[in-house]
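>>> Provided below for reference: sequence and predicted model.
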Amino acid sequence: MTQDPTIREQTYPYFLQEAPELLQALEQGLLNLRENWGINQVNDLMRATHTLKGAATSVGLETIATVAHSLEDIFKALCQPDVVIDPEVEALLFEGFECLRLPLVAELTGGSINQAEILDRAAAIFARLQEKLGDFFGREAYLPTSAELGFDLTQSLFEIGVTQRLEQIATILDNGQPEEIANLLRTQAEVFLGLAESLNLPGFGAIAQTVLTALDNHPDQTVIIAQLALRDLQAGHAAVLAGDRIQGGEPSGELQQLAEKITEIETNFVTSGLETGNELDIPTLESIWGQQTIPVEPIIEQHIEEFIQYDSDVTVEPDPSAVYNSPQPKQSVSPFNPLPPKEQVSPSPTVRVSVKHLDQLNYSIGELVTNQNHQSLQAEQLQASSKTLLNQIKQHQKLLIQLQDQYKRQASPTTARKKARKASKTMRSSSIVPTHSHSWTQPSDNAYLIQSLLDHTVQLAETAEAIDLLTRASQQTSQKQQQLLKITQGALIEARMLPLGEIFGRFPQILQQLETLYNKPISLQLHGNEVLVDKAVAEKLFDPLLHLVRNAFDHGIEPVIVRQQRGKPEKGEIKISAYHQSRYLVIEVQDDGNGLDFDQIRKRAVERQLISLEQANSLNQIQLIDLLFEPGFSTASQVNDLSGRGIGLDVVRNQLKSLRGSITVDSELHQGTKFILQIPLSLTIAQLFICEVGYKTYAFLDDAVEQILIPRSHQIQERNGNKFLRWGKEMDEKLVPIYSLASILDYNSPLPLSHSPTPTSPLPVLLIRWQDALFGLEVEQIIGEQELVISPLGSMIAAPNYVHGASILASGQLALVIDGGILLQKVLAKQYDEQTSSIWAKSIPSLLPPSPKQPLLTQSHSVVPALSASNSDVKAGARILIIDDSLTTRQSVAIALQKAGYYVFQAQDGHKGLEQFQHLSDIQLVICDIEMPRMNGFEFLRSRQQIPGLADIPVLILSSQSSEKHRLLALQLGATVYMTKPYMEQKLLAMVANLLEKAR
């Protein structure tokens, strides 16, 4: 397989993430193989080794790929129904697994190993296994049915592997060079060719073969070939997902034309040479490009490479059909001009822009909005100051005029003669004779001075008026800039957003084909097609929604006979709804089918040894629903080509986690099931309502505030220390509870209160609707409404989940952005005890997705009985970081630690844990899980060694993996202690105290 070094470099981190999980699946499967032998168990082992072989091949790890390939061949032999697995075969299988584990662990930990010795040892072990298995080895592998496997193999391959391969092609088309595009396209086409032959999809294989031929014939038209190939492959991909198991699409005429044209050219050359009799020395294609051969059999054996999980950036995709929206006229081929001129290809009317660039543009617009707000405020202040200055100058001018008038009256002739006579008498009676006459000329000088002041004042007034005029013009320019900025912002939103209807519109055809195949009538209702969502999010939503829709069709909706017996309409109903709820996108997938049988869930969980019978009987419905998201868990007694209820839900949850979203389930037996998906919106610029409480400024999301009012005294009532607002008229009047914002916000220190006297009139109230009820928030001062940029607080501040971020006001002041609905939900939850809170949680669906960070707002200092007094001193003020992808586990551990007096911080995976540590340098202990998305526990242990300070902090691994191999691997990677789930609270607290004591 052609391997581009840059692709290998990009793929390697994903191999490091995927390989430990595959190794774990192999180990666990081998432990249970002889005791629970069956086609499903063997197929799981074969699938894991096959995926690992493809992953290792993709990153150039030949030793691991070779051993995995040999082990896969052994598992193929075990698929024969009459094979016997005796203790010797079992022992040899474990030795073969060890040959795979050793180089893999060395790669994961950065260690070294003698690869030649491993290969020699593996060859000897597999030779003995071949001898033991005899005729079973080398037979054509038995292909189990979908019912035996428990899932539709073809569907799974196309939903995950093929989808990701197509996304890679689309991604490299964005910014890749032609050579890179050609290498990747050839690699993927080879994979698709082998996959199509294995799955018996000749149409899909024909597309792949045509792509390879077109690349050989026209290497200078790589981009065009890639666009056509992507279009044809996507069409075949969609057909298979819709139920096609016969063809898988077909190559388009344009692609076939590129594949066939070189044959016409060669024919013309040969004909021309024969007719003229000239023996031209024309180089062959092989001599120019090299002979191209397609090793079909190795490709078939390696086609599972597409199963490797990649997290590719989603980009805005154009429609290649726009380039080829009309048939191309056939061109006569000349021996000296074998390729069609480039002018024949019309330019694409669209361009691709990566999400990264859109995010940068969005950030820049946000900064412009902030600066524009500053400029607008400064322009208003400048205009107000210029008006004040002009008024003061005019007032000063009036005073000077009054002074001039008064002076003129004093300097009139009559007054002057009287003063002169009086002065003369005084001089005659005096012996002093004046020697200067300045006193007689001073009045005229004063008049001149006053007149000069008046003239300067007029000039100042004219200058002030000019400044005022320029200020008004500047403000008008600023307003125009603000309008242009809003237009630019709207254009950006339109560029990166699309209505969900474009995603929902793909489901009716899929359900229609399923309805035909399985003879099960279905009515599909779609609501919220107009809801806008980020294109990157929308594309990632299709796969989880497809899982849920197929589950609803197959094991949600009952057969017609069963529905008739239950008094339901013969036609089942599936409803998909989308809407914005506060700062979240909410999508509901609901069916009116069988619902979840919680007794059956308990039974299957015990059968699969996930929990004991005693634990199963103590689990509530929420905990039972959580079991559905365990990999491979299903309550279905029979499985056909579609997934059983529960199969794939772990994939759905993981995909939503990549979007920082969550999924909840609401179900009633024989009535139906509703899956609620909640994805946070990427709000960066929004209308916010600004208010002030206790010298601090807060901003509320505008859509959360229903009304603002200043109530009259008679509208306020107090009952049992609680304040209520009489709202409505006459018969519609109702009491709305009022909460003081200053008293319900969570601060580790008291909020400073205003020193202003107690108001005699009621304070302003913000009316906020949550669910179907109104609530009031009392604030001290209303500032107004502004369009502001919402910036995340980052991981340094463990903010409550009702804090959406922070905004910089036009004045430069920082304001916390609060979601009023979530804040009220938290307040209401505090008003109930545990029993009431449980009932409330069941009766009202939560608005909140799992929050990765929950701050410790109040600390309990109760001493755990199992801890000694000295340990109690150790734990005072200790800060512990919990890293686990399960919200339930994080919260249960956090509550236990908080009760014991610890400060707790949380992260949902290893990557987030490293980010938390960089901002919280005084962490004293880490409690970490193993299986997590993005960065698992093993990767976290390895990465922490590279960060100064973190390597010295003790790490307690708390994992459900109880195998010795996992424990040893974790300890080798630097873990201090390894504990398994479920755990005893007292034992965990004692271990935590012990670790903190040793770390002192």
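Okay, I see it. What you are looking at is a predicted structure, and each value in this text was computed from that prediction instead of being measured. Residues are numbered from 1 along each chain as shown.

>>> Domain boundaries for this protein, per the record?
Per automatic domain parsing, the domain ranges recorded for the chain read 1-150, 152-312, 356-414+445-497, 500-680, 685-753+760-843, 869-998.

>>> and the ones you listed, which one is worst for confidence?
In terms of mean pLDDT, the lowest-scoring of the domains of the chain is domain 152-312 (a mean of 70).

>>> got the domains of the chain as TSV, with mean neighbour count columns?
No exception for glycine: its C-beta is placed from N, CA and C like everyone else's. What follows is these, written out as TSV (neighbours: other C-beta atoms under 10 Å):
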stretch	mean neighbour count
domain 1-150	18
domain 152-312	18
domain 356-414+445-497	14
domain 500-680	18
domain 685-753+760-843	16
domain 869-998	19
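
>>> helices or strands up against the longest helix along the chain?
Using DSSP state H to define each element, the chain has its longest helix at helix 438-496. Packing contacts for helix 438-496, counted by 3 or more C-beta pairs under 8 Å, 6 or more residues apart in numbering; DSSP states H and E, involve helix 355-410.

>>> just checking, Glu787 touches Ile690?
No: at 11.0 Å, Glu787 and Ile690 do not qualify as touching, with contact defined as C-beta atoms under 8 Å.

>>> related to what we said a few turns ago, direction included, what does the helix or strand following the longest helix of the chain pair against?
Of the helices and strands lying after helix 438-496 in sequence (DSSP states H and E), the nearest is strand 497-499. Sheet pairing of strand 497-499 (DSSP bridges) gives strand 532-534 (antiparallel).

>>> Can I get the helix or strand that comes right after the partner strand in CSV, CA atoms only?
Note on strand 532-534: by DSSP H and E, the next helix or strand toward the C-terminus is helix 535-551. What follows is helix 535-551, C-alpha atoms only, in CSV (Å, rounded to 0.1, in the frame of the first residue of the first chain):
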residue,chain,number,x,y,z
LYS,A,535,-21.8,22.7,9.6
ALA,A,536,-19.0,20.9,11.4
VAL,A,537,-21.5,19.9,14.1
ALA,A,538,-24.2,18.9,11.6
GLU,A,539,-22.0,16.5,9.7
LYS,A,540,-21.0,14.8,12.9
LEU,A,541,-24.6,14.5,14.0
PHE,A,542,-25.6,12.2,11.1
ASP,A,543,-24.0,9.1,12.4
PRO,A,544,-25.4,9.1,15.9
LEU,A,545,-28.8,10.0,14.6
LEU,A,546,-28.7,7.2,12.1
HIS,A,547,-27.9,4.8,14.9
LEU,A,548,-30.9,5.9,16.8
VAL,A,549,-33.2,5.9,13.9
ARG,A,550,-32.2,2.3,12.9
ASN,A,551,-32.6,1.2,16.5
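
>>> what angle separates helix 535-551 from helix 438-496?
Relative orientation of helix 535-551 versus helix 438-496 (axes from the mean of the first three to the mean of the last three C-alpha atoms, to 10 degrees): 30 degrees.

>>> what helices or strands is helix 535-551 leaning on?
By 3+ C-beta pairs under 8 Å, 6+ apart, helix 535-551 packs against strand 497-499, helix 501-504, helix 507-518, strand 572-581, strand 584-591, helix 649-658, strand 672-680.

>>> how far off helix 535-551 does the last one point, in degrees?
With the same axes, to 10 degrees applied, the angle from strand 672-680 to helix 535-551 works out at 170 degrees.

>>> same for strand 672-680, what does it pack against?
Judged by 3+ C-beta pairs under 8 Å, 6+ apart, strand 672-680 is in contact with helix 535-551, strand 584-591, strand 662-668.

>>> The last one pairs with which strands, parallel or anti?
Strand 662-668 sits in its sheet next to strand 672-680 (antiparallel), going by DSSP bridges.

>>> May I have the strand it pairs with as CSV, with CA atoms only?
Extracted in CSV, the C-alpha atoms of strand 672-680 (Å, rounded to 0.1, in the frame of the first residue of the first chain):
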residue,chain,number,x,y,z
GLY,A,672,-42.1,4.2,23.4
THR,A,673,-38.6,5.5,23.9
LYS,A,674,-37.2,9.0,23.6
PHE,A,675,-33.5,9.8,23.2
ILE,A,676,-32.6,13.4,24.0
LEU,A,677,-29.3,14.7,22.5
GLN,A,678,-27.9,18.0,23.9
ILE,A,679,-25.1,19.8,22.2
PRO,A,680,-23.8,23.2,23.5
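
>>> The helices and strands packed on strand 672-680: which one's closest to Asp909?
strand 662-668 (14.6 Å; C-beta to C-beta).

>>> can you give me the angle that closest one makes with helix 649-658?
Using the same axes, to 10 degrees: strand 662-668 against helix 649-658 is 140 degrees.

>>> what is the orientation angle of strand 662-668 with strand 584-591?
Using the same axes, to 10 degrees: strand 662-668 against strand 584-591 is 30 degrees.
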